[in-house]
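Participant: predicted model follows, preceded by the sequence.
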Amino acid sequence: MTKVVLISGSLRAASVNSAALRAVRRIIAQTRPSASAVSLPIGRLPFYNGDAESAGTTPAVAVARALVANADALVISTPCYNGAVPGVLKNALDWLSRPDGASPLTGRVAAVLSASPGGRGGIDAQPALLDLLDSCEAITVEHPPVAIRRAHQRLDGAGEMTDPEAVAALRELVDATFEAVAIMAEQRRSVLRTHEPPRNPGAPQAVPPVPSPAAGPLSRAGVTLSRS
Ligand SMILES: Cc1cc2nc3c(=O)[nH]c(=O)nc-3n(C[C@H](O)[C@H](O)[C@H](O)COP(=O)(O)O)c2cc1C
């Protein structure tokens, strides 16, 4: 079963980014009933502090790490604050980038979108977010940017993002994300096949390497995965 974790960069109850992710969850439920999509509430994470990390006593961080470590993909929706990613989202990704060498973000498929009441849809935050994910060695899903403009006008009376144009863009993002997950699974299977045990049980066996996105860009059906 494909597991998707949804991360909103806004803590507001009426957040348009959280509304966009609820729409993503509905799309996944409708189109991939065997998949699961759960939200990671980043507002519960404390400010990153190396002392707290060393003490290892922050349950919210442990829960967040486990959720991401067990996910096949992340979908992150960010507002744009002063041309950048909100501090609360940066803080969450900083926690998830730890511990050095064993971050749950490493090798994780991650798709990005933004939403804003303004005319740019928060798109100015996306390059920094993608760079941040690259730094954390996540595998970002390349697709035409999804930046939902005038997002507050795309909510229905119940505060849900049901606007057909927004839903269509989110559906394409979901498709690209699942395609990326399929490519990664295929790559892992291919590595395992390459390193199947030899017929002669006495012969020395090669240790299969962990599939690495650093092996180069992969592409299929218009979806490109890359890691800089
Ligand atoms: C501190 C701050 C800075 C902001 N800077 C920008 C900005 O640079 N560009 C922009 O389009 N909107 C900016 N906004 C407006 C946000 O896009 C808007 O608050 C948006 O609704 C936040 O997303 P949310 O509804 O998911 O909370 C800013 C808002 C705040 C609070």
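Facilitator: Perfect, thanks for sending it.

Participant: for the protein, where's the lowest mean pLDDT among helices and strands?
Facilitator: Within the chain, no helix or strand scores below strand 218-220, which has a mean of 34 by mean pLDDT, DSSP states H and E.

Participant: who in the chain is up against the ligand?
Facilitator: For the chain, the residues found near the ligand under the criterion C-beta under 6 Å from any ligand atom are 10, 12, 15-17, 79-83, 116-118, 120, 122. In short, each C-beta sits where N, CA and C put it, glycine included.

Participant: what does the pLDDT read for residue 76?
Facilitator: pLDDT recorded at residue 76 is 98.

Participant: how about the closest residue to it other than its chain neighbours, what does it touch?
Facilitator: Once flanking residues are discounted, residue 76 sits nearest to residue 7: 4.6 Å by C-beta to C-beta, 6 or more residues apart in numbering. Neighbouring residues of residue 7 by C-beta atoms under 8 Å, 6 or more residues apart in numbering: 21, 39, 40, 42, 74, 75, 76, 77, 89, 92.

Participant: out of those residues, which sit inside helices?
Facilitator: 21, 89, 92 (DSSP state H).

Participant: next, count neighbours for the residue lying closest to the second one once chain neighbours are set aside.
Facilitator: With C-beta to C-beta, 6+ apart as the measure, residue 9 is the residue that lies nearest to residue 89, at 3.7 Å, once sequence neighbours are left out. Burial measure for residue 9: 29 neighbouring residues, criterion other C-beta atoms under 10 Å.

Participant: isn't residue 9 right up against residue 18?
Facilitator: No. Using C-beta atoms under 8 Å, residue 9 is not in contact with residue 18, being 9.1 Å away.

Participant: and residue 187, how many residues sit next to it?
Facilitator: 16.

Participant: could you number the chain from 51 rather than 1 from now on?
Facilitator: Noted, 51 is the first residue going forward, which turns the last one into residue 237.

Participant: just how off-centre is the helix or strand harbouring it within its chain?
Facilitator: For residue 237, the host element (DSSP states H and E) is helix 214-244. Here the centre of helix 214-244 is set off from its chain's centre by 12 Å, with C-alpha atoms, centre = their mean, to the nearest Å.

Participant: show me the residue at the heart of the chain, geometrically.
Facilitator: Here the mean C-alpha position of the chain is nearest to the C-alpha of residue 124 (C-alpha atoms, centre = their mean), at a distance of 2.2 Å.

Participant: OK, contacts around the nearest residue to it once chain neighbours are set aside?
Facilitator: Nearest non-adjacent residue to residue 124, counting by C-beta to C-beta, 6+ apart: residue 160, 4.4 Å away. With contact taken as C-beta under 8 Å, 6+ apart, residue 160 is in contact with 123, 124, 125, 126, 183, 188, 189, 190, 191.

Participant: quick one: residue 160 is in a helix?
Facilitator: No. Residue 160: not assigned to a helix; according to DSSP: H, G, I helix; E, B strand; the rest coil it is strand.
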